[in-house]
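Engineer: compute the structure for the input listed below.
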Amino acid sequence: MKKLTIVLVVCLFTIGMLAGCGGGDKKPAAPAAPAAPAAPAAAKVFINIATGGTAGVYYPLGGALSEILNKNIPGMNSSAQSTGASIANINLIKDGKVELALVQNDTAYYAANGTEMFKDKKVADLMGISTLYGEAIQIVAKADKNIKSISDLKGMRVGVGTIGSGTEANVRQIFEIFGMTYKDIKPQYLSFAEAANGLKDGNVDVAFVTAGAPTAAVQDIAAQHKITLVPIPADKADALIKKYPFFAKITVKANTYPGLAADVPTVSVKAMLVTSSKVNPDLVYKMTKAMYTNLDRIKAAHAQGVNIKKETALEGMPIAVHPGAEKFFKEK
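Structural biologist: Numbers count the residues shown, from 1 in each chain. Here you go, the predicted model:
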């Protein structure tokens, strides 16, 4: 029995060896096709977006734009940062520290022409991408102050914006039309959020806020106190626009804030998106296209998003348009 088992094992081993070595008349297997080369990864592009204070409109819009760029442009690495808004943002563009910035159109005009706070400091590389929406000059007071007109501000503690800000320039221009100067008030150089806190605490009587309505800083006050917005009548608005053509008339609608029972006439400047002439035109084209083909995300970020439209993107444009953005707007 053992001999038979050994014989069977030897036979099976021999057959296995022949199977492994045999088939001499068979063709060799074709070599495997070489793998297709992997597509090269998109080169990283770093874009910094300067916005504004966290209580304003620029900050959420800048965050939404950053998200859009990251999702729609291969290799994009974009981030939005909170800043001191218009003037600080233009200086960041000038110094090459950011590639995109949200600013007021009047401040962009000053920078490109070397006037006002940019006197003898012209920013030659500043270029526009798009105007966005009207930024209302909101003159906020608690209702118990019974302030009906700009003229009623004499002797009061007035939040006029931070020193050298676009808001602060707007206040001086408006006062000029009413025959007033800072000598007629007690100016408080405060940011939006600081002015809101000052109104709530009773340390400020009135605050000027240049921003799209509704604005978080004003909503914060209205949630705790009954407020009023001081109007700028049509005749004064006309005189202001005649002297400073970057202003426009605007109305803050009733119920924009809790307790605001009636429409309030005032004036506005435009928010806009700027860049540097040094930024590649093809990249600016892609960024402009990405923004305007994803406006739903912009609308979701803030109520002002509904006012950002391709057909009005060059209205109130006070400076030269970047060639990359110009290419996009010329497309049908």
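Engineer: gap between the helix or strand where Thr228 lies and the chain center?
Structural biologist: Using DSSP states H and E, Thr228 sits within strand 227-229. On the basis of CA atoms, centre = their mean, to the nearest Å, strand 227-229 is displaced by 27 Å from the centre of the chain it belongs to.
Engineer: now for that strand, which elements pack on it?
Structural biologist: The contact analysis (3 or more CB pairs under 8 Å, 6 or more residues apart in numbering; DSSP states H and E) places strand 227-229 against strand 126-142. Every residue, glycine included, has its C-beta placed from N, CA and C.
Engineer: in the strand it packs on, what's buried?
Structural biologist: Residues of strand 126-142 classed as buried: 126-142 (neighbour count, 16 or more other CB atoms under 10 Å).
Engineer: extract the CA atoms of it and return them as CSV.
Structural biologist: Output of strand 126-142 as CSV, limited to C-alpha atoms (Å, rounded to 0.1, in the frame of the first residue of the first chain):
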residue,chain,number,x,y,z
LEU,A,126,-5.2,99.5,-8.3
MET,A,127,-7.8,98.1,-10.8
GLY,A,128,-11.4,97.3,-10.5
ILE,A,129,-13.1,93.9,-11.1
SER,A,130,-16.7,94.7,-10.3
THR,A,131,-19.0,97.0,-8.4
LEU,A,132,-21.3,95.0,-6.1
TYR,A,133,-24.1,96.8,-4.3
GLY,A,134,-25.0,100.2,-2.7
GLU,A,135,-23.6,100.8,0.7
ALA,A,136,-26.1,103.0,2.6
ILE,A,137,-24.9,105.8,4.9
GLN,A,138,-26.9,104.7,7.9
ILE,A,139,-27.0,107.3,10.7
VAL,A,140,-28.1,105.4,13.7
ALA,A,141,-29.5,106.8,17.0
LYS,A,142,-31.6,105.4,19.8
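Engineer: check the average confidence over it, would you?
Structural biologist: Strand 126-142 shows a mean pLDDT of 94.
Engineer: so how far is whichever helix or strand comes after that strand from its chain's centroid?
Structural biologist: Once the chain leaves strand 126-142, the next helix or strand it forms, by DSSP H and E, is strand 157-159. Relative to the mean C-alpha coordinate of its chain, strand 157-159 is positioned 27 Å out (CA atoms, centre = their mean).
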